[in-house]
Every structure is written in structure tokens, then in C-alpha cells.
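Undergrad: The following block contains a protein sequence and its predicted model.
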Amino acid sequence: MEQGKQGMVVAKLMPEKNPLQQIQARFKELETGFRAWLAKQSLPVEVALVTVTSSAQGAAIGALMGTLTNDMSSSLPNPPPQANPQAMASFKQAQALAGGPMVQARNFAVITGVNAGIACLMKRLRGKEDVQSSMVAAFGSGAMFSLVSGMGGPNQAANAVTSGLFFALVQGGLFKVGEKFSQPPGEDPFYAKTRSMLSNLGLQNYEKNFKRGLLSDSTLPLLTDSALRDVKIPPGPRLLILDHIQRDPEIRDRRGSGR
């Protein structure tokens, strides 16, 4: 009986899992499992499934955006019957970009589906994801969007190429920007030896203390307990650092030679 009461108390004290977090975790598991299964399929099957699923996602997003922005194409002034081909092409472009839920669902389905399908194909063929593959996928999605939406007017082929090039340039630029920000910061060459020493001692967290006190690799032979104390390194780590310096033959030799 007493054990039952204790179990109830423990159960009450244990924090309940957030239902939203449970749903997210479950969705993540399903997504991981689907990707693992997809990677085992043949190239045509993988490309087809990636294209279809991405198109469905894009259509849902486009329909939602079209619902929120309403159909603005009806408010566009109709061009006169004798309008030149360039004016008609501009009107069709505006219609393609200002349509309601169905038009936007179609646009996003084409853009996301074709882009994902080509990107999947390029990854399987080339074995990597890089800016070239990204730009090829963007070119294909831009060209297909131009053809499906009717933006090209009488010269659809030329406009498809132009749209594809525009999509490719934008995608390539975004890829490079993302690649730049995702890269880890370059290592400071003045702290290579210091970083290695701290890593070996399990004291990586104190690298910022060294940098704050300008204690670089060149100052390692000169380090004292007082200098380490000045940069707010605790006694234990100070002893480990000083002992390491005493045992390191390279640093010890530099200290003995007065360099």
C-alpha cells in the first residue's frame, strides 16, 4: 500500500510530456523512416515520389497563401483587344502571380515539385549536393513554372529560358549565402597550440579566458599561476595547465631558451 502511494507521488512529480513535442517527435521518426526507405528504392521511384510529395506540400502552401491574399486577378484591368503582344504577356504574368487558391496551389506545386525532383536526380547521379545541382534544379522549376502558368505569351520558349535563368541565379545566390553562414568560423592560428592543450585537458571552455587575456601560443612558456588567475581560471584548471606546460618538452625548451 505504501509503495503504491509512493508510486502515485512520483508519477505526480514527473513532468508530463508536451503533446505537441510528442507529435513532433513522432513526425520526425516517420520522416526519418521514410527517407531511409526512399534511399533504398530505384532512381525513377525515388525521383517520382520526391516530386509528388514535394508537389503536394507546395500545393498546400500555395492554396493557403492564395486563401489569405484572395484572388487579386479579378481586380486587374483588362487590356484592350488591340493590345500588343508585350502588353498581353505582362497581363498574363500578373494573372499568374495574383491568382486565387487554385492558381497559387498550381504554381507552388510546380515550383517545389520540379525543383525537388531534379535536385533528387542530381544528388543520385552526382553523389553530392552543391551549387551546380541546386541551380540546375532551380532552372528546371523556373522554366516549368513559366510554361504551366502561361507567362510566356507568344514566345513561351524564350520566356521559359529567361525564367529558368532567373530562378537559377537566385537559388545559386541563396545557396552560397547559406553555405557561407553554415561553415564553422576559421580557427585562429595564434591559438592552435593553446586550443590543442585545452582540448587534451578537457578544458575547452576556458579558451575564451585565454583570448580575453591575450594569452596566445607565444605566451604559453611564460604562463604563471598569477597570469591564469587574472583571466579568472579556477585553481584546479590552473594546476592542470601549469603541469601540462611543465611536462610538454616543446614548451619547456622554449621556456628554458628564454623565447
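TA: Received the coordinates, thanks.
Undergrad: Is there a neighbour count for the spatially closest residue to T53 that is not a sequence neighbour? I'd like the number.
TA: Spatial nearest neighbour of T53, chain neighbours left out: A116 (7.9 Å); criterion: Cβ to Cβ, 6 or more residues apart in numbering. To be clear about C-beta, it is placed using only N, CA and C from the backbone, and glycine gets the same treatment. Neighbourhood size, A116 [other Cβ atoms under 10 Å]: 21.
Undergrad: So which other helices or strands are in contact with the strand or helix carrying A116?
TA: Using DSSP states H and E, the secondary-structure element containing A116 is helix 101-126. For helix 101-126, the packing partners by 3 or more Cβ pairs under 8 Å, 6 or more residues apart in numbering; DSSP states H and E come out as helix 43-69, helix 85-97, helix 131-149.
Undergrad: So for N205, which of those sits nearest?
TA: helix 131-149 (36.0 Å; Cβ to Cβ).
Undergrad: got a pLDDT number for E179?
TA: Model confidence at E179, given as pLDDT, is 75.
Undergrad: Turn the helices and strands packed on helix 101-126 into a markdown table, columns for mean neighbour count, distance to V103 and mean pLDDT.
TA: Output for the helices and strands packed on helix 101-126, formatted as a markdown table (neighbours: other Cβ atoms under 10 Å; distance: least, Cβ to Cβ, whole Å; pLDDT from 0 to 100):
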| stretch | mean neighbour count | distance to V103 | mean pLDDT |
| --- | --- | --- | --- |
| helix 43-69 | 16 | 7 | 88 |
| helix 85-97 | 15 | 7 | 56 |
| helix 131-149 | 21 | 8 | 90 |
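Undergrad: In TSV, list these along with distance to A192.
TA: TSV is the format used below for the helices and strands packed on helix 101-126 (distance: least, Cβ to Cβ, whole Å):
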stretch	distance to A192
helix 43-69	43
helix 85-97	53
helix 131-149	30
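Undergrad: So which of these is nearest A227?
TA: Nearest to A227, of the helices and strands packed on helix 101-126 and by Cβ to Cβ, is helix 131-149 at 46.8 Å.
Undergrad: what's the angle from the closest one to helix 101-126?
TA: 150 degrees (axes from the mean of the first three to the mean of the last three Cα atoms, to 10 degrees).
Undergrad: Remind me what the helix or strand immediately after helix 131-149 in the chain packs against, helices and strands.
TA: Where DSSP H and E defines the elements, the next helix or strand beyond helix 131-149 is helix 156-182. Under the contact criterion of 3+ Cβ pairs under 8 Å, 6+ apart, helix 156-182 touches helix 131-149.
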